[in-house]
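>>> sharing a model prediction with you, sequence too.
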Amino acid sequence: AQKITQTQPGMFVQEKEAVTLDCTYDTSDPSYGLFWYKQPSSGEMIFLIYQGSYDQQNATEGRYSLNFQKARKSANLVISASQLGDSAMYFCAMREPDYGGSQGNLIFGKGTKLSVKP
Amino acid sequence: DAGVTQSPTHLIKTRGQQVTLRCSPKSGHDTVSWYQQALGQGPQFIFQYYEEEERQRGNFPDRFSGHQFPNYSSELNVNALLLGDSALYLCASSFEGTNEKLFFGSGTQLSVL
């Protein structure tokens, strides 16, 4: 079974509008971390946002917010006020367990290609 | 403050050859992980090095090996290259014991002909 599922291979959004990228995960470990990375055509994975399984509030980083619904095992990324530079691949990833010293490696989904239209 | 640097950026090899990829972690980081990203896929974990030893390993054959040096830099070696080894190889670094994000390099694009 896939640990990380991203069901949207590609998405289009109009510049200045908000967009939601979906991510569901599967784990039985109570300690896990959820990450979103952006990968432009240059190849580098750019960290966007992190949510720990014990965090009470949804994470936010500037224009990025993570809609964390623990019971549904979903961790959707919301990008507000889209910009042309947001066009890239977006990957959801999970780390289990999440705590230091015995951190697991990152397990990535297959990604969503976001295209921002002017 | 330099981030994660990888070399070379591109590499072309033929089947059966051996290749070595290099990675320098972000300043202050002591743990290096390697990922393979095939075209159209998400990165897959190969292995992680800490204190010059392989600490975790993903589902990759023994043809994939690595090394970490005292200055925390790392190498990924792949022997007996197959066409299916063509991929972007990403290096990521972190600081042991912290709950922080991984910092990634821009990768080495390996083409096996």
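Thanks, I have it. Numbering: from 1, shown residues only, chains lettered A, B, ... in the order given.

>>> and the residue lying closest to residue A:40 once chain neighbours are set aside, how close does it get to chain B?
Setting aside the residues directly before and after it, residue A:40 is nearest to residue A:88 in space (Cβ to Cβ, 6 or more residues apart in numbering or on different chains), at 4.5 Å. (C-beta placed from N, C-alpha, C; glycine too.) According to Cβ to the nearest Cβ, to the nearest Å, residue A:88 and chain B sit 14 Å apart.

>>> chain A contacts on chain B?
Chain B comes close to chain A at residues B:33, B:35, B:40-45, B:48, B:56, B:58, B:88, B:90, B:92, B:94, B:96-99, B:101-107, B:109, as judged by Cβ under 8 Å from any Cβ of the partner chain.

>>> count the residues that sit near the residue nearest to residue A:40.
Neighbour count of residue A:88, defined by other Cβ atoms under 10 Å in any protein chain shown: 19.

>>> same deal with the one 4 residues further on?
Counted with other Cβ under 10 Å, the burial measure for residue A:92 works out to 28 neighbours.

>>> that one sits in which helix or strand?
strand A:88-95 (DSSP states H and E).

>>> may I have the residues that are in contact with the closest residue to chain A within chain B?
Ranked by Cβ to the nearest Cβ, the top residue of chain B for proximity to chain A is residue B:42, at 3.2 Å. The contact partners of residue B:42, by Cβ atoms under 8 Å, 6 or more residues apart in numbering or on different chains, come to A:4, A:91, A:93, A:108, A:109, A:110, A:111.

>>> so what's residue 8 up against?
Here I'm looking at chain A. A:21, A:22, A:112.

>>> look at chain B instead
B:21, B:108.

>>> beta partners of the closest residue to chain B within chain A?
Nearest residue of chain A to chain B (Cβ to the nearest Cβ) works out as residue A:108 at 3.2 Å. Note on residue A:108: beta-bridge partners by DSSP bridges are residue A:93.

>>> surely it is in contact with residue B:36?
No: contact criterion Cβ atoms under 8 Å: residue A:108 and residue B:36 do not qualify, at 10.9 Å.

>>> check which helix or strand covers the residue nearest the centre of chain A.
Residue closest to the average C-alpha location in chain A (Cα atoms, centre = their mean): residue A:36, at 3.1 Å. Secondary structure from DSSP H and E places residue A:36 in strand A:33-39.

>>> does chain B sit close to that strand?
Yes: applying Cβ under 8 Å from any Cβ, one finds strand A:33-39 touching chain B at A:33, A:35, A:37.

>>> okay, the residues you listed in TSV with pLDDT and distance to residue B:29 next?
TSV is the format used below for these (pLDDT from 0 to 100; distance: Cβ to Cβ, whole Å):
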residue	pLDDT	distance to residue B:29
A:33	92	17
A:35	94	17
A:37	96	17
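
>>> looking at those residues, spot the one nearest residue B:17.
residue A:37 (31.0 Å; Cβ to Cβ).

>>> check contacts around the nearest residue to residue B:83 once chain neighbours are set aside.
Spatially, and ignoring its direct neighbours in sequence, residue B:83 is nearest to residue B:112 (5.3 Å; Cβ to Cβ, 6+ apart). By Cβ under 8 Å, 6+ apart, the contact list for residue B:112 reads B:12, B:13, B:14, B:15, B:17, B:81, B:82, B:83, B:84, B:85, B:86.

>>> closest one to residue A:81 out of the residues you listed, please.
residue B:86 (37.9 Å).
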